[in-house]
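>>> sequence first, predicted coordinates after that:
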Amino acid sequence: MNETGTTRGTQRHGPGTALGPARALARLALLCVAGAVAAVVAGTGHGFILLLGLVGLGLAGAGLWWALAHRGFARLLGALLAVAAPVGVLVLYAVSGLWVVAVAALAAWTAALGCARGALRRLREPHGMHTRTVRPPRRAVLIMNPGSGGGKVGRFGLVERAEALGARVILLDLETDPDPAALARQAVAEGADLLGVAGGDGTQALVAGVAAEHALPFMVVTAGTRNHFAMDLGLDRDDPVSSLEALSDGVELRVDLGDISGRPFVNTASFGTYAHIVQSPDYRDAKAVTALDRLPDLLAGEAGAELRARTDEERLETPQAVLVSNNPYARADPLTGGRRERLDTGELGVIAVRVGGAVQAAELALLGERASGITVLTSRSVVVESDEEAIPVAVDGEALVLPAPVVCTIRPGVLRVRVPRERPGAPYVAPAVDWYRVLRLAFGLPPDGRESHDRTTPSCEKNQEQSDD
């Protein structure tokens, strides 16, 4: 059994075998928390100054909000506050002699978080995406975008290397606005037994949809700019050539594919603020300037349609931004998205953001993904509605306008992805620390509130790699 997190079938320990080390780390985490509290108590003579540290962080968040949500003089004042508040707190701590207390408390708290995450990580059961060994394709067709990733196709000689491995390469003519899906369907009609893409996530999604439609293997070459899908597949984003090893020594993963109003997506569909910004014709050439110019109207609700979203169990009213992902992200980070631990859970991830003013912005700065302005859900379907007839959407980075309501669903396990047997693997990203579980673990209680951790491993977890018949 191989997992996306490793290049080989690395042994993992479930809760039954890792409970001892996990408890030790949980107890060490609590000791570090006690150390942080002790450091703060040591400075109780300057309790007001210590409190100003939290106030400064909140003011920085509020200042950032004003900088984004306003123009002109208000934006300048907000930017100054966002910078001056934390700098002022640092100066105040240094002058009052509390910098030692602050550094000690911060160090202890950082250590506590590290130990807590280590404890929770050891409770993870084996859950890698399973692979199977397959024969090399006979008529592989790779669609390559020469402009993607700043010209990675030409810079790494991907056409020549792929053809040397027996693949047929279709090089997109960017001047004719080619349709990758149409080219993929033509390749299938001509007998292709594998479809692949060297390009961005948007191109990958279109070809992946054709591969899923015909139950053909799909292959990703990391020639895009960000390569989010490739990263979560465990591929080497810095070495596109290594992706081609899937043609000669590959294994196959079964992963999910998102669907938005009949269009496939491999990463995300974004609604609201970001989707409106990417619609601008100036966005590609001046991302930061365009975003700063559009944000005040969007955040104030004076531009763009008001959204409503429905999941399987929740209704979200007037979010400023909604991100729907093909499988949930490990952390609720609406700006960078982070990474997904798995691509085969059969669920969409949903992150909704609603920041109504400087106070909520300050809360977001203090609490992060736990703030009331962020909602994190999973769902099999998401319906996004608006009073307008059409809704701007960014699908895998591509700017689209779709008729309302927009329906997002997931197609579990429909995509057969061919990856190299030897690959770096996707790095583990710990979710936010759940202190309730850490406390229960430290005091010898079942962290999930169940009486026993000795679960029987499902038969599918025991399957070893098998050859194609």
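On my side now, so go ahead.
>>> what distance do you get for residue 228 to residue 140?
24 Å (CB to CB, to the nearest Å). Glycine gets a C-beta too; all of them are placed from N, C-alpha and C.
>>> what's the helix or strand for residue 409?
strand 406-420 (DSSP states H and E).
>>> show me what that strand is packed against.
helix 201-213, strand 217-221, helix 240-243, strand 250-260, strand 268-272, strand 348-353, strand 381-386 (3 or more CB pairs under 8 Å, 6 or more residues apart in numbering; DSSP states H and E).
>>> of those, which is nearest residue 41?
Residue 41 sits nearest to strand 348-353 of all the helices and strands packed on strand 406-420, at 36.3 Å, using CB to CB.
>>> in CSV, list the C-alpha atoms belonging to that closest one.
Output in CSV follows, covering the C-alpha atoms of strand 348-353 (Å, rounded to 0.1, in the frame of the first residue of the first chain):
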residue,chain,number,x,y,z
LEU,A,348,-16.7,19.3,-0.6
GLY,A,349,-14.9,21.7,1.7
VAL,A,350,-16.7,25.0,2.4
ILE,A,351,-15.1,28.2,3.8
ALA,A,352,-17.3,31.2,4.1
VAL,A,353,-16.1,34.6,5.2
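>>> quick check: mean pLDDT of that strand?
When pLDDT is averaged over strand 348-353, the result is 91.
>>> okay, the angle between that strand and strand 406-420?
Angle of strand 348-353 versus strand 406-420, following axes from the mean of the first three to the mean of the last three CA atoms, to 10 degrees, is 120 degrees.
>>> report all helices and strands that strand 348-353 contacts.
strand 321-326, strand 374-379, strand 381-386, strand 406-420.
>>> check the secondary structure at residue 432 for me.
Put simply, residue 432 is coil when judged by DSSP: H, G, I helix; E, B strand; the rest coil.
>>> doesn't residue 330 make contact with it?
No: at 9.2 Å, residue 432 does not count as touching residue 330 under the criterion of CB atoms under 8 Å.
>>> helices of the stretch 51-200 of the chain, start to end?
72-96, 99-121, 152-155, 158-164, 180-189 (DSSP state H, counting those that start in this stretch).
>>> could you check the angle helix 72-96 makes with the second one?
Orientation check (the same axes, to 10 degrees): helix 99-121 against helix 72-96 gives 100 degrees.
>>> please pull up the helix or strand immediately following the strand holding residue 409.
Following strand 406-420 in sequence, per DSSP H and E, is helix 435-442.
>>> run through who's touching that next one.
22-23, 26-27, 29-30, 116, 119-120, 123, 446-449 (CB atoms under 8 Å, 6 or more residues apart in numbering).
>>> hmm, which of those are the buried ones?
The neighbour count (16 or more other CB atoms under 10 Å) marks 22, 23, 26, 27, 29, 30, 116, 119, 120, 123, 447 as buried among these.
>>> enumerate every residue touching the third one.
Residues touching residue 26, when contacts are defined by CB under 8 Å, 6+ apart, comprise 115, 116, 119, 438, 439, 441, 442.
>>> with adjacent residues omitted, what lies nearest to the last one?
Here the nearest residue to residue 442 in space, its sequence neighbours aside, is residue 26; by CB to CB, 6 or more residues apart in numbering that works out to 4.0 Å.
>>> pLDDT on the helix or strand encompassing the one you found, on average?
Per DSSP H and E: residue 26 is located in helix 15-42. Averaged over helix 15-42, pLDDT sits at 79.
>>> mind listing what's buried along that helix?
15, 18-19, 22-30, 32-33, 35-36, 39-40.
>>> before we move on, back to that, max pairwise distance over the buried ones among the contacts of helix 435-442: which two?
30 and 123 (16.2 Å).
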